[in-house]
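Enquirer: Sequence and computational prediction follow.
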Amino acid sequence: MANAKSNSFNLSCPVPRVADDRIVLAHGGGGRLTHQLIEKIFIPAFSNDALEQRHDGAVLSLNGARLAFTTDSFVVRPLIFPGGNIGDLAVNGTVNDLAMCGARPMYLSAGFILEEGLEMETLRTVVNSMQQAAASANVMLVTGDTKVVDKGKGDGIFVNTSGIGVLEGNVIGTIGPASVQPGDVVLVSGDIGRHGIAILSVREGLEFEARILSDCANVWPAVEALMHAGIEIHCLRDLTRGGLATTLNEIAADRGVCIKLEESAIAVDEVVQGACEILGLDPLYVANEGRFAVFVPAAQVEAALDVLKKVPVSQGAVRVGKVESSPERLVILQSRIGGSRVVDMLSGEQLPRIC
């Protein structure tokens, strides 16, 4: 024993160390590292009641009016992709964040960071797309800013947008994660994964069986239709960075509930599914820019689906799961063959810079 002790040696564990001393790409991916960044850096610095809503935007009261306020930045690469470009992506993404608060989008700002050497025609294309998307969403871009950085420092164009919307009288209570409760049913407004795969196909020069277009779209018409139909909406969330899986994990963790999904009910385009299988990606984590999840009481599921299917942007709406009280803080997927697995939040980054 004494001899063995004298010849002891140290073992090193090959498990990778999570970056905590500098920013890595995964901090912007919407997964576990993004949430650690928020919890450790931003929440302690800026904590207040509005920020604690932890929603796609903040709902604020001003002189008796209920307003929603949101901001977002867009660094997508490439700037132009199948089904859209950074311009309409910026407008639709900000409009959708307001819609997820139950607010009618009204006004936007836009800040442009332009790289020296950017072609004017590219900028003109982006700005024209923003104008068309804003007109389609019936919002006005009322203020903005422009900065130019040295060549090689800005990757073409970065866009920051902020938006203001108004919660109308038919929005009763709070639409957000805090209202989710056991017994709720989860609906998704259409098939998932198209935006992320559309970006990847151009970025990597990949060709699939058929051309995959981004689902980039304004989803306010679908939300408005639900509210006008009197559907009791508990929560709305758009399925952007981190996809459906990350969004549901955020809600399950915030509310201390279990969200159980049915794999056979989740709609994924056949070409998108095939691309994910070839690339080793899970469509549950792939970003969308025109899809959202809505939590409604079980008694209103059929009525809500009927409303959604009458609106073009959500005509592919499906029921994908339900909320239960336990096991707490988990998302569980019931597979097509009868088994089940935990759908965790990603620690790394599947597809960087997709929005």
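Expert: Ah, there it is.
Enquirer: And the helices in the stretch 151-300 of the chain, which stretches?
Expert: Assignment of helices within the stretch 151-300 of the chain using DSSP state H, counting those that start in this stretch yields the ranges 194-203, 220-228, 243-255, 270-279.
Enquirer: phi, psi of residue 321?
Expert: Here is the backbone geometry of residue 321 (degrees, to the nearest 10): phi 180, psi -170.
Enquirer: Find the nearest non-adjacent residue to it, please.
Expert: residue 261 (3.9 Å; CB to CB, 6 or more residues apart in numbering). Heads up, the C-betas are built off the backbone N, CA and C, glycines and all.
Enquirer: what sits against the one you found?
Expert: The contact partners of residue 261, taken as CB atoms under 8 Å, 6 or more residues apart in numbering, are 186, 248, 320-321, 331-334, 343.
Enquirer: can you rerun that using 6 Å?
Expert: 320-321, 333 (CB atoms under 6 Å, 6 or more residues apart in numbering).
Enquirer: again, but for residue 109
Expert: 143-144, 162.
Enquirer: Return the members of the residues you listed classed as buried.
Expert: Neighbour-count burial (16 or more other CB atoms under 10 Å) is assigned, among the contacts of residue 109, to residue 162.
Enquirer: Among the contacts of residue 109, which one sits closest to residue 97?
Expert: Of all the contacts of residue 109, residue 162 has the smallest distance to residue 97: 9.8 Å, by CB to CB.
Enquirer: beta partners of that closest one?
Expert: The partner list for residue 162 in beta bridges (DSSP bridges) reads residue 71, residue 109.
Enquirer: re earlier: can I get the contacts of residue 261 in JSON lines including distance to residue 130 and neighbour count?
Expert: Listed next are those as JSON lines, based on distance: CB to CB, whole Å; neighbours: other CB atoms under 10 Å:
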{"residue": "320", "distance to residue 130": "32", "neighbour count": "23"}
{"residue": "321", "distance to residue 130": "35", "neighbour count": "26"}
{"residue": "333", "distance to residue 130": "37", "neighbour count": "21"}
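Enquirer: got JSON lines for those residues, with distance to residue 240 and pLDDT too?
Expert: Below are these laid out as JSON lines (distance: CB to CB, whole Å; pLDDT from 0 to 100):
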{"residue": "320", "distance to residue 240": "17", "pLDDT": "98"}
{"residue": "321", "distance to residue 240": "19", "pLDDT": "98"}
{"residue": "333", "distance to residue 240": "20", "pLDDT": "98"}
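Enquirer: Closest to residue 297 out of those residues?
Expert: Nearest to residue 297 among the contacts of residue 261: residue 321, at 14.3 Å, using CB to CB.
Enquirer: Just to check, the closest one is in contact with residue 187?
Expert: No. At 9.1 Å, residue 321 and residue 187 do not qualify as touching, with contact defined as CB atoms under 6 Å.
Enquirer: what pLDDT does the residue nearest to residue 321 get?
Expert: The model reports residue 261 with a pLDDT of 98.
Enquirer: Equivalent analysis for residue 193, please.
Expert: 97.
Enquirer: How about residue 309?
Expert: pLDDT, residue 309: 98.
Enquirer: Next, give phi and psi for it.
Expert: Dihedral angles phi and psi of residue 309 (degrees, to the nearest 10) take the values phi -70, psi -10.
Enquirer: top helix in the protein by residue count?
Expert: Criterion DSSP state H: the longest helix present in the chain is helix 120-137.
Enquirer: Which strands or helices does it pack on?
Expert: If you count contacts as 3 or more CB pairs under 6 Å, 6 or more residues apart in numbering; DSSP states H and E, helix 120-137 packs onto helix 86-99.
Enquirer: got the contact list for the helix it packs on?
Expert: Applying CB under 6 Å, 6+ apart, the contact partners of helix 86-99 are 56-57, 68, 70, 72, 74, 76, 79, 105, 108, 126, 129-130, 133-134, 137, 157, 159, 161, 163, 165, 216, 218-220, 223, 238.
Enquirer: what is the mean pLDDT for that helix?
Expert: pLDDT averaged over helix 86-99 gives 98.
Enquirer: what about the nearest residue to residue 69 once chain neighbours are set aside, how many neighbours?
Expert: Nearest residue to residue 69 in three dimensions, chain neighbours excluded: residue 58, at 5.2 Å (CB to CB, 6+ apart). Using other CB atoms under 10 Å, residue 58 has 18 other residues around it.
Enquirer: cool, and residue 24?
Expert: Count around residue 24 with other CB under 10 Å applied: 14.
Enquirer: And the pLDDT at the closest residue to it other than its chain neighbours?
Expert: Nearest non-adjacent residue to residue 24, counting by CB to CB, 6+ apart: residue 33, 7.1 Å away. pLDDT recorded at residue 33 is 87.
Enquirer: Equivalent analysis for residue 223, please.
Expert: Note on residue 223: pLDDT of 98.
Enquirer: show me what contacts it?
Expert: The contact partners of residue 223, by CB under 6 Å, 6+ apart, come to residue 99.
Enquirer: repeat for residue 301
Expert: 185, 319.
Enquirer: again with the one 4 residues further on
Expert: Residues in contact with residue 305, defined by CB under 6 Å, 6+ apart, are residue 317.
Enquirer: and it, what element?
Expert: Element membership for residue 305 (DSSP states H and E) is helix 301-308.
Enquirer: Check which residues of that helix are buried.
Expert: In helix 301-308, counting by 16+ other CB under 10 Å, buried: 301, 304-305, 307-308.
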